[in-house]
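> Below are the sequence and a predicted model for it; my questions follow.
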Amino acid sequence: MGITHARMEKTDGDRKTVVEYKFDEAEINRAAINIDNALEHGTPLIDSADGDKSSRNVEEVMLFFDQASRKPGKEKGRTGDRGIIPDVTDKPLPVYFRKSFQNLKDQMIKGDVNPLTCAFVVDAHVQILDDEPKGYIITNVHQVIENGDDDE
């Protein structure tokens, strides 16, 4: 999507109306995921009150890579990236990244640290099928915690 700023001007006679929006990367990531999901499943963009979802967003959770490839992150299909978010499930699940937000995977995989020995504080979209989590789409990376960090 890549939209970070939108501006609309409307003139009606002598009256001029200007509407302007500015978005940060996390807001754009969440919007892209929610829109794609709604269009794919024919669901409304606003969550229903009954809580029945085929996906959900989790924020500021720990992600541990079970396996990580140095290849570019995939948006769908088979991926070499698998991770565990203990707040969701203890099973390793596929980890995906939006193409336009490839720098998220680069932040996680291509640094000086070994991604298999680090923890990542992330926001993610959890894909759910038959009440079971089936994969993650990373929408934001808040922090990389190297093995041995004693910040707390």
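Done, it's in.

> Would you check how far apart residue 61 and residue 26 are?
Note on residue 61: its distance to residue 26, by C-beta to C-beta, to the nearest Å, is 14 Å. Backbone N, C-alpha and C define where each C-beta goes, glycine included.

> Residue 142 now?
Counting by C-beta to C-beta, the gap from residue 142 to residue 26 is 9 Å.

> of these two, who's got more company?
Between residue 142 and residue 26, counted using other C-beta atoms under 10 Å, residue 26 has the larger neighbour count: 15 against 12.

> Test my guess that the more buried one contacts residue 139.
Yes: because the distance of 6.6 Å satisfies C-beta atoms under 8 Å, residue 26 is recorded as touching residue 139.

> I'd like the next helix or strand past the lowest-mean-pLDDT helix or strand in the chain.
Lowest mean confidence among the helices and strands of the chain (mean pLDDT, DSSP states H and E): helix 25-41, at a mean of 70. Once helix 25-41 ends, the next helix or strand along the chain (criterion: DSSP states H and E) is strand 55-67.

> Give me the helices and strands touching that following strand, please.
When contacts are defined as 3 or more C-beta pairs under 8 Å, 6 or more residues apart in numbering; DSSP states H and E, strand 55-67 packs onto helix 25-41, strand 82-84, strand 119-129, strand 132-145.

> try 10 Å
helix 25-41, strand 82-84, strand 93-97, helix 103-109, strand 119-129, strand 132-145 (3 or more C-beta pairs under 10 Å, 6 or more residues apart in numbering; DSSP states H and E).

> How far does it sit from its chain's centre?
9 Å (C-alpha atoms, centre = their mean, to the nearest Å).
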